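Participant: the sequence and its predicted three-dimensional model are supplied below.
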Amino acid sequence: MDPGLGKGRGVEQTERARAAFTRAGVRRGVRAALAITIGLMPFGLVVGMVADARGLSLLETLLMSGLTFAGTSQLVALELWSDPAPVLAATLAALVINLRLAPMGAALAPLLDRLHGFRLWGTLATLVDNSFALTIAEMRAGRRDAGFLLGAGLTMWGNWMLMCGLGHSFGAVLRLPAGHPVFFAGIATLLAILVPIWRGRGDLLPWGVAGAVALAAQGAGLGAPWPVLAGAMAGAAAGAARDFRREGGGREGGAKGGGMTLRWDVLAAILGMAAATYLCRAGGYAVLRMLRPPRFVQAMLQHMPGAIFMAFLAPTLANGGWGAWLAAAATVAVQAAFGRLAVSIAAGVAALWLFRVAAGGL
C-alpha cells in the first residue's frame, strides 16, 4: 500500500511542518548535483553547437540557455529557427515540450508549501528533470529541505551555461556523430537516479503502465511531450486506483551572429520560451496550492515521479535498440550495487560503447 494513503490530515500537516529551507540543504543539493553533471555535459555541448550552426551569437545562446534552461525544448526551437527569429513557434515549442514539468512541481508540494516569495518561486525556476529526481529521492529518505532543490538546480544551471557556451565557442572542434555513446550519459543519469526512488514491488504496476502507455503513444505517432504526459498520467492513475482498491474503495540556420550581438527578434523569442517554460515549472504547483485536489489526485501524485521518468525512458530506450537496453541494465546494476551516480553513468556509457564496438557500429 502506498504510504500516502490511509493517513490523517494531522500526519500530512506534520510532514509539511518538517519541511525547511536551510543553507545545509543547499550545500547538500550542490554536492548531489555535482555527481551527475557529467550527464548534462554532452547535451549542453550539443545545444551550444546547434545554436552556433543556426546563427545565434554567444550572448544569444547564453541568454536562451540561462533563461529557458530546458535542453529538449531549446533543441526543438533551434530546429525551427529562421531569420527573423520564430517568436511564436519557439514559444509554443517550449510550452508543449515542457508541460511535463507541471506535475513535477505539483508532486513537490509537501516540500514547498511552507515557502513564500522568492524562496518558493525562485526555487521553482530551477526545476529540471534531474533536480526533481534527486529531490524526490531525498524526500523518500525522510529529508525535507527545499534548499536541496535550489542547490541542485543552481549547480545544474551553472554546468548547463558552461557547456552551452563551450559548445558554441568550439562547435567546429567538438562535433560528435549523432548517436555517439557519450550522449547516453543523459539517459544513464535518469536511470541511476531511479534506483533510490524505487520503493519495492508496489512500483511495478505504475512504472510498467507508464512505460507501456508511453510506448503505445509513440507508436501511434504522437510527438513530444504527449507520450511522456500520457504515460505519466496513466501510470500514476493505475497506482492510485490499486491503492484505493486496497483501502476498500477509496477515502477522502542563417548568417553567424557576432560573439556578443543581440537582435530584438531573437530576444523576443528567448523571452517567450523562458516565460512558457516558467509557466510549466510553477503552474502545476500554483494550481495545486490554490485548489487542494481530491484524495485520488493526491494518491496519483505519490506515484507521479517514477511514472514520469519511466514514460520518458521507455520510448527512448526502445528507439536505441539492444545496445541501449544493455547500457540501461548496466547503469541500474552498478547504481544498485555501489550507489555512486558518476560511476553508474560511466558504466552505462562504457557498456553502450563496448556493444557498438562488438557490433562493428562505432
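Facilitator: Sure, I can see it.
Participant: okay, now the unreliable bits of the stretch 251-362 of the chain?
Facilitator: Low-confidence regions of the stretch 251-362 of the chain, defined by pLDDT under 70, span residues 251-259, 341, 361-362.
Participant: the helices in it, which residues?
Facilitator: Per DSSP state H, counting those that start in this stretch, the stretch 251-362 of the chain has helices spanning 264-290, 295-338, 341-359. These are given in chain order.
Participant: relative to residue 165, how far out is residue 65?
Facilitator: 8 Å (Cβ to Cβ, to the nearest Å). C-beta coordinates here come from the backbone N, C-alpha and C atoms, glycine included.
Participant: just residue 151 next, same as before
Facilitator: Here the criterion is Cβ to Cβ. By it, residue 151 lies 22 Å from residue 165.
Participant: between these two, which one's more packed in?
Facilitator: Counting neighbours by other Cβ atoms under 10 Å for residue 151 and for residue 165 shows that residue 151 has the greater number, 28 against 19.
Participant: surely that one touches residue 29?
Facilitator: Yes: proximity of residue 151 to residue 29 meets the contact threshold set by Cβ atoms under 8 Å, at 2.7 Å.
Participant: identify the contacts common to those two.
Facilitator: Residues within reach of residue 151 and of residue 29 at once, by Cβ atoms under 8 Å, 6 or more residues apart in numbering: there are none.
Participant: where does the stretch 101-250 of the chain have low pLDDT?
Facilitator: Segments of the stretch 101-250 of the chain classed as low confidence (criterion: pLDDT under 70) are 171-178, 182-183, 186, 189, 193, 224-225, 247-250.
Participant: in the stretch 51-200 of the chain, which spans are helices?
Facilitator: Listed from the start of the chain, the stretch 51-200 of the chain has helices (DSSP H, counting those that start in this stretch) covering 58-68, 71-79, 87-97, 101-107, 109-112, 117-124, 129-140, 146-169, 171-174, 185-197.
Participant: how many residues are close by residue 120?
Facilitator: In terms of burial, residue 120 registers 18 neighbours under the definition other Cβ under 10 Å.
Participant: what's the answer for residue 319, then?
Facilitator: Residue crowding around residue 319 was assessed by other Cβ under 10 Å; the count is 9.
Participant: and residue 322, by the same measure?
Facilitator: Taking other Cβ under 10 Å as the criterion, the count of residues near residue 322 is 10.
Participant: ditto for residue 329
Facilitator: Count around residue 329 with other Cβ under 10 Å applied: 15.
Participant: ok, residue 116 next?
Facilitator: Here the number of neighbours of residue 116 (other Cβ under 10 Å) works out to 9.
Participant: from residue 103, how far out is the spatially most central residue of the chain?
Facilitator: Central residue of the chain (Cα atoms, centre = their mean): residue 129, 1.6 Å from the mean position. Computed with Cβ to Cβ, the distance linking residue 129 and residue 103 is 12 Å.
Participant: thinking again about what came up before, so which of the helices of the stretch 251-362 of the chain comes closest to residue 211?
Facilitator: Judged by Cβ to Cβ, the one of the helices of the stretch 251-362 of the chain that comes nearest to residue 211 is helix 295-338, at 3.4 Å.
Participant: that closest one: how far from the chain's middle?
Facilitator: On the basis of Cα atoms, centre = their mean, to the nearest Å, helix 295-338 sits 12 Å off its chain's mean C-alpha point.
Participant: on that earlier part again, list the residues that contact both of residue 65 and residue 165?
Facilitator: Shared between the contact lists of residue 65 and residue 165 (criterion: Cβ under 8 Å, 6+ apart) are residues residue 48.
Participant: tabulate the helices of the stretch 51-200 of the chain in CSV, adding columns for distance to residue 226.
Facilitator: Compiled in CSV, the helices of the stretch 51-200 of the chain are given as follows (distance: least, Cβ to Cβ, whole Å):
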stretch, distance to residue 226
helix 58-68, 21
helix 71-79, 13
helix 87-97, 9
helix 101-107, 14
helix 109-112, 24
helix 117-124, 23
helix 129-140, 17
helix 146-169, 25
helix 171-174, 32
helix 185-197, 19
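Participant: select, out of those, the one closest to residue 272.
Facilitator: Proximity to residue 272, assessed across the helices of the stretch 51-200 of the chain by Cβ to Cβ, is greatest for helix 87-97 (3.4 Å).
Participant: now that closest one - C-alpha only, CSV.
Facilitator: What follows is the C-alpha trace of helix 87-97 in CSV, where atoms were taken according to Å, rounded to 0.1, in the frame of the first residue of the first chain:
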residue,chain,number,x,y,z
VAL,A,87,8.9,34.0,-31.8
LEU,A,88,5.6,32.2,-31.8
ALA,A,89,6.9,28.8,-32.9
ALA,A,90,9.7,28.9,-30.3
THR,A,91,7.3,29.9,-27.5
LEU,A,92,4.8,27.1,-28.4
ALA,A,93,7.6,24.6,-28.6
ALA,A,94,8.8,25.5,-25.1
LEU,A,95,5.3,25.4,-23.8
VAL,A,96,4.3,22.0,-25.2
ILE,A,97,7.6,20.2,-24.6
